[in-house]
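A.B. asks: predicted model and sequence follow; I will ask about them next.
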Amino acid sequence: MNIRVIPASPGDSILISYAYKGSKKNILIDGGIGETYYGYLSDILHEIKNSGEYIDLLIVTHVDYDHIEGICRWFEDEECDKDIIKQVWFNSGEVISEYFNSHISEELQIKLLNMKDTKQSVSQGITLEKKLNELGCWEKNIISAGKVYNELPGIKITVLSPGIKRLEKLNKKWEVEVDNSTEMGVQVDYNKPIKELLKNKFVQDTSIANGSSIAILLQYETNGNDAVKLEKQYKNIILAADAFPSEIIKTLKEIGYCKEKKLSLELLKVSHHGSKANTNKKFLEIIKCDNFIISSDASTHGLPNKECLARIIDSSNKTTNLYFNYNYVKQKRIFSEDDYKEYKFKCYEMEEGKPYPINKEVVLWI
């Protein structure tokens, strides 16, 4: 299994590719910003098409521009085939409104022409919605916590977030998030030692859009097809989008995990680009994980927050491996010499084209 954490500036775009009995499968999660499409995704999608492969599942996690804009640019590009998409998960305004039997407000009905010069997440979501309807690969079902998807061979996907209440909040108030790449005065915490940051009280994210993020537990098959030994057959990865820890914790507890019975993970894609408001001690206490991906170029909101990284590092007695899809850890001096001496962790500033093996079955790339 190859997991490509595509450089998406402050956003997310992740391509999971794996072979099962000679058949290649691809799952694309988000598309980053517009530049992500032009710089990376367009070429990747052409390669998939030319190889006779498909995007077997496209997951658009939520409507924020740094996740959805690259997907919208794909649907604007007449030269890049969309027929390679087999199935789509996307909690759009229309789908949510139909589920809650409510009226779609006029602000959501924005025409395609408006999309070329805007970074408004909701306008892009509605534009994408119309294009998906034309394509016919979208079942328009609500994607919510607890859904189990096992239509692709060799893997099982359980949706960890969002809960229905989070989607109801999004239905009542669709937020518009603008590009903050030029924002000034963002407070960074890189000059503070890990042990000091661990004293800070956790305050959860309040963004309605982030609370609606589709986060998944992906379980991949490792040993044969004996359904009786299902628990031993699968290893686990969480891809948390920008989800709230409270949502993920709730679902994990519902499927049988807790502090006393931890979920063993090979890999965690850290929520919301390493925000201190999206990863807490309670979540880290019910997972057992040594490998963490941070998807961010550190250009907005002061992300990743060192406070988040400190919690992650402190959560394990083993060496924690932090993988960054941009090179800024040393440049920004995120960690001091004392941090490295007092805690067991390694930072990998990933290089393009270089493989980073997580275990015998999973390799990270950018």
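C.D. replies: Nice, thanks for sending it over.

A.B. asks: so F292, which of the three states?
C.D. replies: Reducing the assignment to helix, strand or coil with DSSP: H, G, I helix; E, B strand; the rest coil, the entry for F292 is strand.

A.B. asks: which residues touch the residue lying closest to Y190 once chain neighbours are set aside?
C.D. replies: Leaving aside its sequence neighbours, Y190 sits nearest to I334 (C-beta to C-beta, 6 or more residues apart in numbering; 4.7 Å). In this view, the C-beta of every residue, glycine as well, is placed from N, C-alpha and C. With C-beta atoms under 8 Å, 6 or more residues apart in numbering as the criterion, the residues that contact I334 are Y190, K306, L309, Y328, C347.

A.B. asks: what sits closest to I142 if chain neighbours are left out?
C.D. replies: Nearest non-adjacent residue to I142, counting by C-beta to C-beta, 6+ apart: Y99, 4.9 Å away.

A.B. asks: which residues does that neighbour contact?
C.D. replies: The contact partners of Y99, taken as C-beta under 8 Å, 6+ apart, are I142, L167, N171.

A.B. asks: just the ones of the contacts of I334 in helices?
C.D. replies: Members of the contacts of I334 lying in helices (criterion: DSSP state H): K306, L309.

A.B. asks: most surrounded residue in the contacts of I334?
C.D. replies: Using other C-beta atoms under 10 Å as the neighbour test, the contacts of I334 are led by L309, with 29 neighbours.

A.B. asks: quick one: that residue and F324, what's the gap?
C.D. replies: 10 Å (C-beta to C-beta, to the nearest Å).

A.B. asks: find me the pLDDT at the residue nearest the centre of the chain, would you?
C.D. replies: Most central residue of the chain, judged by C-alpha distance to the mean C-alpha position with C-alpha atoms, centre = their mean, is A241 at 2.8 Å. Per-residue confidence for A241 comes out at a pLDDT of 98.

A.B. asks: just N133 next, same as before
C.D. replies: Per-residue pLDDT puts N133 at 86.

A.B. asks: still on that earlier bit, mind putting the contacts of Y99 into JSON lines with secondary structure and distance to C72?
C.D. replies: Putting these into JSON lines (DSSP: H, G, I helix; E, B strand; the rest coil; distance: C-beta to C-beta, whole Å) gives the following:
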{"residue": "I142", "secondary structure": "coil", "distance to C72": "21"}
{"residue": "L167", "secondary structure": "helix", "distance to C72": "21"}
{"residue": "N171", "secondary structure": "helix", "distance to C72": "21"}
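
A.B. asks: helix, strand, or coil at the closest residue to W365 other than its chain neighbours?
C.D. replies: Here the nearest residue to W365 in space, its sequence neighbours aside, is R4; by C-beta to C-beta, 6+ apart that works out to 4.6 Å. Per three-state DSSP, the local secondary structure of R4 is strand.

A.B. asks: quick one, what contacts R4?
C.D. replies: Residues in contact with R4 (C-beta under 8 Å, 6+ apart) are I14, L15, I16, S17, I44, L364, W365, I366.

A.B. asks: among these, which are in helices?
C.D. replies: I44.

A.B. asks: pretty sure the residue nearest to the centre of the chain sits against A215.
C.D. replies: Yes - counting by C-beta atoms under 8 Å, A241 touches A215, with 5.0 Å between them.

A.B. asks: helix, strand or coil for the nearest residue to D66 once chain neighbours are set aside?
C.D. replies: If the residues on either side of it in the chain are set aside, D66 comes closest to G11, at 2.9 Å by C-beta to C-beta, 6+ apart. Following three-state DSSP, the label given to G11 is coil.

A.B. asks: picking that back up, against N321, how distant is the residue nearest to the centre of the chain?
C.D. replies: Relative to N321, A241 is positioned 21 Å away (C-beta to C-beta).

A.B. asks: now swap in I3 and tell me
C.D. replies: Distance check for I3 against N321: by C-beta to C-beta, it reads 14 Å.

A.B. asks: do the same with L267
C.D. replies: Taking C-beta to C-beta as the criterion, L267 is separated from N321 by 9 Å.

A.B. asks: for L218, same thing?
C.D. replies: Counting by C-beta to C-beta, the separation of L218 from N321 is 19 Å.

A.B. asks: those two: which is more packed in?
C.D. replies: More neighbours surround L218 than the other of L218 and N321, with 24 against 19 (other C-beta under 10 Å).

A.B. asks: are we agreed that the more buried one is in a helix?
C.D. replies: No - assignment of L218 by three-state DSSP gives strand, placing it outside any helix.

A.B. asks: ok, it touching I16?
C.D. replies: Yes - taking C-beta under 8 Å as the definition, L218 is a contact partner of I16 at 7.3 Å.

A.B. asks: between L267 and N321, which contacts overlap?
C.D. replies: Counting by C-beta under 8 Å, 6+ apart, the contacts common to L267 and N321 are N291, F292.
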